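Trainee: kindly generate the corresponding structure for this input.
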Amino acid sequence: MEPSYESAVALACRAAGPLAGHLGLFVASLIDQQYAASVVHVKVRHAVSFDRWLAKHGVALADLGEIHIAQYQRRRRRRRRSIRAETRRREGYEVIALLGFLRTRGVCEAAQANSTPAEDLAAGFGQHLQDQQGLAAATIARYTTVARQFLTERGNVDLRALRAFEIIEFVQRQGRRMQAPAR
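Mentor: Prediction:
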């Protein structure tokens, strides 16, 4: 049976940890963004799992940050079964998106600004590739790495001042550095 929006709402209602009061609004925001019901269900499933972990470890929402997501990602399942790499990667994206949602609502502290403007632009580009283009995680990682290299090398991250010849020169330099794939 295909998951429905109602099943995602019911799943969110099962949360009993620190996220419990916010998951209903999170589901509503996902529906407003026109995510498919099956996608909303998966996102909520990861959010409820994260909620249980937060409750178990006594993490208050006001203190929630990237460090907790990293700790959550390193956890092991009961009975010592490992978590598939793709599941863990997807789960990481979903929990980071949930943290972003909570931050926009003022529930959690804003992220510490330890990044450069080039890194911020590349991260935004990666988020666009994930949300709007639906690319695979490996493709997103590669594209954002190249974008970050370009912006860092360029120094100036004002995209309005960007000229076509700058991109062409960068691609030509990258082409000389890279090797052809093995056959």
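Trainee: how about the residue most central in space within the chain: what's its closest non-neighbour residue?
Mentor: Closest residue to the average C-alpha location of the chain: residue 93 at 3.0 Å, with Cα atoms, centre = their mean. The shortest distance from residue 93 to any non-neighbouring residue, by Cβ to Cβ, 6 or more residues apart in numbering, is to residue 130 (6.5 Å). Quick note: C-beta positions are derived from backbone N, CA and C, even for glycine.
Trainee: and residue 82, what pLDDT?
Mentor: We have a pLDDT of 69 for residue 82.
Trainee: so where's the protein uncertain?
Mentor: Residues of the chain meeting the criterion pLDDT under 70: 1, 76-82, 111-114, 178-183.
Trainee: give me the phi and psi for residue 60.
Mentor: For residue 60, the backbone dihedrals (degrees, to the nearest 10) come out as phi -80, psi 150.
Trainee: err, residue 105, not the other one
Mentor: The phi/psi pair for residue 105 (degrees, to the nearest 10) is phi -90, psi 0.
Trainee: ok, now which ones touch it?
Mentor: Going by Cβ atoms under 8 Å, 6 or more residues apart in numbering, residue 105 touches 22, 25.
Trainee: is it true that residue 5 touches residue 37?
Mentor: Yes - assessed by Cβ atoms under 8 Å, residue 5 is found in contact with residue 37 at 5.0 Å.
Trainee: and for residue 62, the neighbour number?
Mentor: Applying other Cβ atoms under 10 Å, we find 9 residues neighbouring residue 62.
Trainee: OK, contacts around it?
Mentor: Neighbours of residue 62 in contact, by Cβ under 8 Å, 6+ apart: 107, 108, 109.
Trainee: now which of those residues would you call buried?
Mentor: Listed as buried from the contacts of residue 62 are 107, 108; burial here means 16 or more other Cβ atoms under 10 Å.
Trainee: and of the contacts of residue 62, the nearest to residue 89?
Mentor: Lowest distance from residue 89 to these (Cβ to Cβ) belongs to residue 108, with 22.3 Å.
Trainee: quick check: nearest residue in space to residue 27, chain neighbours excluded?
Mentor: residue 12 (5.0 Å).
Trainee: the one you found and residue 19: what is the separation?
Mentor: Here the criterion is Cβ to Cβ, to the nearest Å. By it, residue 12 lies 9 Å from residue 19.
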